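S.K.: Got a predicted structure here, sequence first:
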Amino acid sequence: MNGKISSTFAELNQKGQKAFIPFLMAGDPFFELSLDLIEALDESGADILELGIPFSDPLADGPIIQKSAMRALKEGMNIDKVFSLLQRIRKRTDIPVVLFSYLNPIFRYGLERFAAKAADSGADGVLIVDLPPEETLEGLEFLEEKLDRILLVTPSTSLDRRKVIAAKSRGFLYCVSRYGITGIQKDLSREAYELVKSLEALKKVPLCVGFGVSSAEQAKIIASYADGVVVGSALVDEISKVAEGKSSIERFKDFAFSLAKSIH
Ligand SMILES: O=P(O)(O)OC[C@@H](O)[C@@H](O)c1c[nH]c2ccccc12
């Protein structure tokens with residue numbers, strides 16, 4: 001059980017603020033630039049960082065994040081290099097970091113080995129996208145001791161199951177705002193509000209909303225009722241433009257700053 005994520009929410013709560021939680025893929029578009037982009041997010045006011053471990057079959061991701069994973073994998077990114085990136089991040093900032101991964105890469109690496117090295121490298125939490133909360137795996141208990149394991153609920157999760165998952169989630173609970181996959185959306189889903197409201201009475205763990213939040217205006221609306229806002233594809237899309245030379249770190253940072261300002 002890691003304390004940094006929980007204390008971050010406690011500090012924000014005291015200031016009457018909500019958490020800005022950006023997602024980016026580790027090593028996209030290449031190692032050194034990924035480090036600079038993470039520093040830019042930290043400087044723009046990010047409160048917690050979601051750091052994706054690139055995987056070849058990201059079934060819950062839309063094209064923007066799929067392409068991001070492919071760019072990172074093409075650059076030779078792997079779990080050990082994600083840990084090296086984490087160690088470099090830790091020399092620049094102590095922002096809480098949640099590692100985002102599908103089960104496959106972690107399973108191949110070994111859950112206990114992964115957990116020990118992730119914690120030693122400076123990770124605070126982990127979200128394993130396709131590992132159901134009830135699943136027991138060898139090494140999972142050890143992993144949950146070393147890192148806060150963030151769980152997911154979706155609009156199709158039954159109320160009873162939402163309560164069970166909320167009680168089990170550590171750090172925060174990830175409320176997936178809509179049906180489908182990650183990606184930029186013009187309009188906010190209606191389900192997100194209902195999902196958060198259905199869990200609010202529990203107050204077991206901070207409730208953070210993600211999927212499709214793509215602008216400062218949308219982020220502001222989510223921040224009016226959730227404890228944190230996750231933005232991935234809209235930021236990763238900007239990173240792909242930086243990679244193609246069509247945008248810059250400054251433009252990326254300005255966008256991230258506008259999100260932080262609207263959420264705080
Ligand atoms: O990209 P979006 O629509 O802004 O959604 C956040 C999402 O990218 C990030 O939280 C995430 C990346 N991959 C995932 C897989 C499952 C759940 C969440 C994620």
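M.R.: In hand now; what should we look at?
S.K.: and stretch 200-217, how far apart are its ends?
M.R.: 23 Å (C-alpha to C-alpha, to the nearest Å).
S.K.: Pull out the buried residues from it.
M.R.: For stretch 200-217, burial by neighbour count (16 or more other C-beta atoms under 10 Å) applies to 205-216. For the C-beta atoms, the positions are set from N, CA and C on the backbone; glycine is no exception.
S.K.: which of the residues you listed lies closest to I38?
M.R.: Taking C-beta to C-beta as the measure, I38 lies nearest G210 of the buried residues of stretch 200-217, at 18.0 Å.
S.K.: and whatever residue of the stretch 151-264 of the chain ends up closest to the ligand, what is it in contact with?
M.R.: For the stretch 151-264 of the chain, the residue closest to the ligand is G232, as judged by C-beta to the nearest ligand atom, at 2.2 Å. Residues in contact with G232 (C-beta atoms under 8 Å, 6 or more residues apart in numbering) are 22-24, 50, 65, 182, 210.
S.K.: Can you list which of the buried residues of stretch 200-217 are found in helices?
M.R.: When those are checked against helices (DSSP state H), the matches are A216.
S.K.: Go back to the contacts of G232 and keep what's next to the ligand.
M.R.: 23, 50, 65, 182, 210 (C-beta under 6 Å from any ligand atom).
S.K.: Return the member of the residues you listed nearest to I165.
M.R.: Among the ones next to the ligand among the contacts of G232, G210 lies closest to I165 (C-beta to C-beta), at 15.2 Å.
S.K.: List the residue ranges of the stretch 151-264 of the chain that fall below the pLDDT cut-off.
M.R.: Where the stretch 151-264 of the chain drops to pLDDT under 70, the residues are 203.
S.K.: Please enumerate the strands of it.
M.R.: Using DSSP state E, counting those that start in this stretch, the strands of the stretch 151-264 of the chain run over residues 151-153, 173-176, 207-210, 228-231.
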